[in-house]
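[1] what follows is a protein structure lacking sequence information:
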């Protein structure tokens, strides 16, 4: 029998020998706990003042270039708004802006609001047409492959609810 087997046998004569208690884990003092958990001011300063790596410098440069390009594109877009005639006339847009409490706006802002409204309306109509195609509600003329779809109030109501608009008209008109 080896020594480890004798220690684990019941009723052996070594049971009376007192073994030293197992060593308690070392508990660090409170100052060493805080210094290891919280970085010191020197560590923070050293971290902040390190030079950027080459990869980090390239990333920063690309980000700056992209920001400049997007500003140039935005400026160009705003300047082109003066030349673009929107589907919704400026007078109609100005009327609704004034009724909402907005007065004396720049013509480019009026055009941008008109363009946003046009986009919103076209998204609603496109979704309604897609829904009509999926439901097979089109009519095909004999001898042609052209299918014509009719925008119905039921289709429009479904799509308007998806966009958060409530149609106050009844489903029938007189």
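    Great, that's in hand. This one's a predicted model, so the numbers in the text were calculated from it and none came from an experiment.

[2] any low-confidence regions in this protein?
    When residues are selected by pLDDT under 70, those of the chain lie in 1-49, 171, 173-174.

[3] mind listing the strands for it?
    Along the chain, counting by DSSP state E, strands occupy 139-140, 147-148.

[4] return the most buried member of the ones you listed.
    The highest mean neighbour count among those, using mean count of other C-beta atoms under 10 Å, belongs to strand 147-148: a mean of 11. Placement of C-beta: from N, CA and C, glycine included.

[5] can you give me the buried ones in the lengthiest helix in the chain?
    Here the longest helix in the chain is taken by residue count, with DSSP state H as the criterion, and it is helix 107-135. Along helix 107-135, the positions that meet the burial threshold by neighbour count (16 or more other C-beta atoms under 10 Å) are 110-115, 117, 124, 127-129, 131-132.

[6] just give me the closest of the residues you listed to residue 58.
    Using C-beta to C-beta, residue 112 comes nearest to residue 58 of the buried residues of helix 107-135, at 35.1 Å.

[7] list the contacts of the nearest residue to the closest one once chain neighbours are set aside.
    In space, and not counting its chain neighbours, residue 112 is closest to residue 81: 6.0 Å by C-beta to C-beta, 6 or more residues apart in numbering. Counting by C-beta atoms under 8 Å, 6 or more residues apart in numbering, residue 81 makes contact with 108, 111, 112, 115.

[8] TSV for those residues, including distance to residue 163?
    Shown next, in TSV, are these (distance: C-beta to C-beta, whole Å):
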residue	distance to residue 163
108	26
111	23
112	20
115	18
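
[9] of all those residues, which comes closest to residue 165?
    Distance to residue 165, by C-beta to C-beta, is smallest for residue 115 among the contacts of residue 81, at 19.1 Å.

[10] pull the contacting residues for the closest residue to that closest one other than its chain neighbours.
    Take residue 115 and drop its neighbours on the chain: the residue closest to it by C-beta to C-beta, 6+ apart is residue 86, 5.6 Å away. Under the criterion of C-beta under 8 Å, 6+ apart, the neighbours of residue 86 are 93, 111, 114, 115, 118.

[11] out of those residues, which is nearest to residue 152?
    Residue 152 lies nearest to residue 118 out of the contacts of residue 86, by C-beta to C-beta, at 22.5 Å.

[12] disregarding flanking residues, what is the spatial nearest neighbour of the closest one?
    Looking at residue 118 with C-beta to C-beta, 6+ apart, the closest residue is residue 87, at 5.0 Å.
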